[in-house]
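S.K.: I would like the atomic coordinates for the input below:
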Amino acid sequence: MTAPWFRPDVLYLGWRPRAEHDPGPPPVPPAAAVLDQVSAEWLAAQRREHARLSRPLRLISALGLVATAAMTGTWLAGWLPGGLALFADAVAVPVAGGSFLRLGRGRHKLTRELRAEAERVAGFREVQRVQLAAERQEHGRQLRGWQQQAAAFARRPHWHPVTLPVTVGRLDVAGGTIAGWSALLTTMAVARLEAGGEVTVVDLSGGAVAADLLALARHQGAEPLLWRLPADLPRLDLGADFSPELLADVLARTVAAAGGQAAGGQHDPATDAALLRRVLAVLGDGATLAQLTAALRALGQIGGPTDHLGSAQLARDQLARLGALGGRGAEPVVIERAWALEGRLHALGPLASGLASPPASALRVVSLDGRAAPLDTDTIGAYLVLALAEVLRGSRPAAGWRQAVFVFGADRLPADVLDRLSDAAEHTEVGLVLGFQSIPAHVRDRLGRGDSAVAFMRLGNAADARLAAEQIGTEHRFVISQLTDTVGASVSDTAGDSYASTAGTAHSVADSRSLTTTTGRTKGSGRSAGGFAPFAAVSGSASQDASFSAALADSRSVSAGITTGTSWGLSTSRTTGTTGSLALAAQRAREFRVEAHELQQLPPSALVLCHPGPGGRDVVLADANPAIMTLPTVQLAVPAAGRASASGRIKP
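M.R.: This is a model prediction of the structure:
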């Protein structure tokens, strides 16, 4: 949200849309035209009519052909004389031929008519094509123009700030819920802090109005100061450096404001202030509020001397001097006022008791705890505002809302406290925002007084709503629209791991054995005689032989194998995807006239701003939702005059 667009010389209160240049929906494309075609019904009717008209000719042609064939057949069969058959054929053939000729001419005429109709329809179709092409071309031109306007409109900011010049010293906020106040506070305070100013928030409503602002400040790295009362009273230093006279005056007015009594009532705060000054004088310099309340208990004779000398840290001489404050005849009055003062101021007893030097911060928030006792919160709230008014009176002037004070739940304060705070802020030129949840009589008389502006938020009370409608003016009309500006981004990150491990062992043994035995026996005999060679001997011989063989073969084979395998794998995949969306949708919700029941139905963050302008009194409907300033379609800059404008961004 940090941006250099915030101007220090204007107050940002909210936002309003400007959509008068919206190009609207895209142009409608031309309807799909159905080109003209020759009617099938017309074609069928033409053919039926042609068939009906040519039926006699077809009948005559058929009879002529049949007669010719019959005469020729009887002649060939010898049943008729040749002359008679030739005469009959001479009559039948021309009749059949003429009929065939007229049938052909009719068919040719029908073909020409159908072709002429087709050509005529084709001409119409061509004209339609030309017109359709021209319409499409015109639609394309309009669509391109609309796209250019839509792109320019999308780049133009849709949200424009609703601002006030810093010359307006006070803003009165009438009505509103805790959520609405939180939205308005965050919107105004962020702009003030970014412009270099300081913001002080006093939340008397008990609803933690500043919770969103504190969360945002911490998110941006800032260190705001927060006091949650009454638990953080020991750390609160507001009024710790007051003089005894000023402290007595503030405490007396606190008691009167917490009791619902203004100055001039049954008990004059001046009497209580005088009594408190005398008690503080007895206690001396550096007296704490715990000692002051103990002294009031002693002065009112609440408890015994041991109670006053113990944890109260009072000396005996101080007790003796306190006993002499009443004087002759005034003791009952002093005791009564001491009881009343102690009953109210005991809630402030822990104030600044554990004081430590707080760090400097531009954002300070003091909030009442809604679960605390109502009497205690009334006293603490009245003291906060009165002490803050005195601190402002003693500070240096800071023009231009460099210091901004927000007080929510101010309708719980009496009129004189509101006047004192408003006067102090006006004299020191400190910007002041007062939030009133209801509009009682004393608030009604001060609402919008002087140069202050008034912002009306949702009002729950019907009487307050009628009063607000009369002050705004019932002649004004506003439109509440449901405007949705969507900016989104989604990031998807996917990671996947896979692991595979495989180990295997294979063992095999093969044993084979073979045994072969072979046995054989052979036996033979023979005889031979000598030849007639001259030198050969004359002789004769005889022979006989035998053989035996045996074989034994033995073979064995052994094979063994061992196989071991291990596989290991690791794969990682990572996918990152980013998608973004930017959409703007505006929907007119309702138009309303400023009336009481309409002001009771305003959205929580809506406000109706009434302030003096150059042309008179201006009335503007705005949305104080602080999330709007983070949208890309928001314009933070304003012209030099400090008023909302529909122009583009202007750097300060």
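S.K.: name the nearest residue to residue 606, sequence neighbours excluded.
M.R.: Nearest non-adjacent residue to residue 606, counting by C-beta to C-beta, 6 or more residues apart in numbering: residue 623, 5.8 Å away. To be clear about C-beta, it is placed using only N, CA and C from the backbone, and glycine gets the same treatment.
S.K.: could you list the domains of this protein?
M.R.: Structural domains annotated on the chain: 22-155, 241-350, as defined by automatic domain parsing.
S.K.: what's the most buried one of these?
M.R.: domain 241-350 (a mean of 17; mean count of other C-beta atoms under 10 Å).
S.K.: tell me the mean pLDDT for that domain?
M.R.: Taken as a whole, domain 241-350 has an average pLDDT of 80.
S.K.: that domain: how far from the chain's middle?
M.R.: Per C-alpha atoms, centre = their mean, to the nearest Å, the displacement of domain 241-350 from the mean C-alpha position of its chain is 56 Å.
S.K.: what does stretch 112-130 give?
M.R.: 59 Å.
S.K.: may I have that stretch as PDB, with CA atoms only?
M.R.: What follows is stretch 112-130 as a C-alpha-only set of coordinates in PDB (Å, rounded to 0.1, in the frame of the first residue of the first chain):
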ATOM      1  CA  ARG A 112     -35.400 -23.700 -69.600                       C
ATOM      2  CA  GLU A 113     -37.900 -22.500 -67.000                       C
ATOM      3  CA  LEU A 114     -36.100 -24.300 -64.200                       C
ATOM      4  CA  ARG A 115     -32.700 -23.000 -65.400                       C
ATOM      5  CA  ALA A 116     -34.100 -19.500 -65.600                       C
ATOM      6  CA  GLU A 117     -35.400 -19.800 -62.000                       C
ATOM      7  CA  ALA A 118     -32.100 -21.100 -60.800                       C
ATOM      8  CA  GLU A 119     -30.300 -18.200 -62.500                       C
ATOM      9  CA  ARG A 120     -32.700 -15.700 -60.900                       C
ATOM     10  CA  VAL A 121     -32.200 -17.200 -57.400                       C
ATOM     11  CA  ALA A 122     -28.400 -17.200 -58.000                       C
ATOM     12  CA  GLY A 123     -28.600 -13.500 -58.600                       C
ATOM     13  CA  PHE A 124     -30.500 -12.900 -55.400                       C
ATOM     14  CA  ARG A 125     -28.000 -15.100 -53.600                       C
ATOM     15  CA  GLU A 126     -25.000 -13.100 -54.900                       C
ATOM     16  CA  VAL A 127     -26.700  -9.900 -53.700                       C
ATOM     17  CA  GLN A 128     -27.100 -11.500 -50.300                       C
ATOM     18  CA  ARG A 129     -23.500 -12.600 -50.200                       C
ATOM     19  CA  VAL A 130     -22.400  -9.000 -51.000                       C
END
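S.K.: pLDDT (mean, whole number) over that stretch?
M.R.: For stretch 112-130, mean pLDDT is 88.
S.K.: what are the contacting residues of that stretch?
M.R.: Residues from elsewhere that reach stretch 112-130 (C-beta atoms under 8 Å, 6 or more residues apart in numbering): 33, 35, 36, 37, 38, 42, 43, 46.
S.K.: between those residues, which is nearest residue 172?
M.R.: Distance from residue 172 was checked for each of these by C-beta to C-beta. The minimum falls on residue 33, at 64.7 Å.
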